[in-house]
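A.B. asks: using only what follows, build the 3D model:
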Amino acid sequence: MSLVVYAAAVLLVVAAMMIRRSRTTPRTPLTVPTRATAFLGAVCFICAAPATLAAVNSATGIPNFGAPLTYSVISAFSCSLIILLIYWRGGPSDRIRRMVRISVAVYGALIVAIIVLFFLADADTERLRDLDTYYANTPYMREMIALYLLGHLASTIVLSIVCLKWIRGEVTGLLRVGLRLILAGLLLDVLGFELTKVTAVVARWYGYDVDFLSTTVAPPAASLGALIYSAGFVLPRLVSAASEKQSLANYRALMPLWAALKDVTATPRTEQRSRLWRQLPSSRLYLLEAQIHDALLDLTAHFDQGVGEAARSAALEAGKSREQARIAAEKAMVIDAILRASGRTTGAADPPDEFRLTVDLVELALAVSPVQDLTPDQVRAH
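C.D. replies: As a prediction, this is how the structure comes out:
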């Protein structure tokens, strides 16, 4: 059984490493809770393995000390799941902090109670696989076991209720898939772990022996359930991180274009730049794209359709497709308009009656950079 739980722990560690924040991606409120949850889940499996329990008991010299350690980590993991969901749902920062503090206080008290009850109990016989049922009728140990099971059950109930309410709302895409994975994992956890553990313990209270439910059925069910709902939390986070990284790359790619436009147009610039840099890359990219579009609209008076037509004809003669020729014409007119607005190209412009820019902004930025150093001859070469 140790190999099974160790394998589950390794998978969770891998998941935590996959969501590691890169140097180019800013820290988001979900980064720390997601990684903490994955690592705590891995620690749960490591601590619950019989080989780990034996090592902890031997190192401390206290029989069964691995039990309260494992139960405490399980309680911390349950708390981290609730905190992760709090951050995932979002909302006012004051409300988020208040709910996080309440969760930490409740589960912190639970962990203290578990440790105190263990030291009050008489549990000198080491049990590595059936401690829950073996000590089910032992004073203080009985209460300790019941507390950790109730704490874990409470977290699964809270998570299930919130996820059900949320999934019935306007949730789509990978977020909906993540919620379904969480619900599936929680269902397996409740039925395969909680129900079997509680049944085995309560059976002992009434003099029956169904210990196999606790020792054989519960561990693999808990491992599989944790992996499933952890995947539900991690999947949207991975996609979100990849999306933010791409947004940051696009933001940086557009900066040369914005640098060329901002000094030759009357487009207002975003104020409070320090606040802008604290936003997520997707928000910064949205604002920058809006400014660039406004600047391009302001620049249309300087467009010269003759320049565009010349660039289009040159592209067609070079064997380019009509689509590629159209894009080349748009790029040439934008570059010429920037130079014309800055006074580096003389002559009156001949703007088209109707014009809609369709070229991709990142592609346009690559053509414009470094526009400050372009000459009219270079414009025509584009």
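A.B. asks: from memory residue 257 sits against residue 368, does it?
C.D. replies: Yes - here residue 257 reaches residue 368: they are 5.1 Å apart, a contact under C-beta atoms under 8 Å. C-beta coordinates here come from the backbone N, C-alpha and C atoms, glycine included.
A.B. asks: show me where pLDDT drops low in the stretch 1-150 of the chain?
C.D. replies: 1-5, 7-8, 11-31 (pLDDT under 70).
A.B. asks: mind listing the helices for it?
C.D. replies: Along the stretch 1-150 of the chain, counting by DSSP state H, counting those that start in this stretch, helices occupy 2-18, 31-48, 50-60, 66-89, 93-120, 131-134, 141-167.
A.B. asks: over to the stretch 251-382 of the chain?
C.D. replies: If DSSP H, counting those that start in this stretch is used as the criterion, the helices of the stretch 251-382 of the chain fall at 273-277, 281-299, 305-317, 322-341, 361-368, 376-381.
A.B. asks: winner for burial among those?
C.D. replies: helix 322-341 (a mean of 22; mean count of other C-beta atoms under 10 Å).
A.B. asks: how big is the angle separating it from helix 305-317?
C.D. replies: Helix 322-341 and helix 305-317 are oriented at 150 degrees to each other (axes from the mean of the first three to the mean of the last three C-alpha atoms, to 10 degrees).
A.B. asks: in PDB, list the C-alpha atoms belonging to helix 322-341.
C.D. replies: Provided in PDB are the C-alpha atoms of helix 322-341 (Å, rounded to 0.1, in the frame of the first residue of the first chain):
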ATOM      1  CA  ARG A 322      -4.400  38.300 -52.100                       C
ATOM      2  CA  GLU A 323      -4.700  38.000 -48.300                       C
ATOM      3  CA  GLN A 324      -0.900  38.500 -47.800                       C
ATOM      4  CA  ALA A 325      -1.000  41.400 -50.300                       C
ATOM      5  CA  ARG A 326      -3.800  43.100 -48.400                       C
ATOM      6  CA  ILE A 327      -1.900  42.800 -45.100                       C
ATOM      7  CA  ALA A 328       1.200  44.200 -46.800                       C
ATOM      8  CA  ALA A 329      -0.800  47.200 -48.000                       C
ATOM      9  CA  GLU A 330      -2.200  47.800 -44.500                       C
ATOM     10  CA  LYS A 331       1.300  47.700 -42.900                       C
ATOM     11  CA  ALA A 332       2.700  50.000 -45.500                       C
ATOM     12  CA  MET A 333      -0.100  52.600 -45.000                       C
ATOM     13  CA  VAL A 334       0.300  52.500 -41.200                       C
ATOM     14  CA  ILE A 335       4.100  52.900 -41.300                       C
ATOM     15  CA  ASP A 336       3.800  55.700 -43.900                       C
ATOM     16  CA  ALA A 337       1.100  57.400 -41.800                       C
ATOM     17  CA  ILE A 338       3.400  57.300 -38.700                       C
ATOM     18  CA  LEU A 339       6.200  58.900 -40.600                       C
ATOM     19  CA  ARG A 340       3.900  61.400 -42.200                       C
ATOM     20  CA  ALA A 341       2.400  62.400 -38.800                       C
END
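A.B. asks: fine by me, we can end here.
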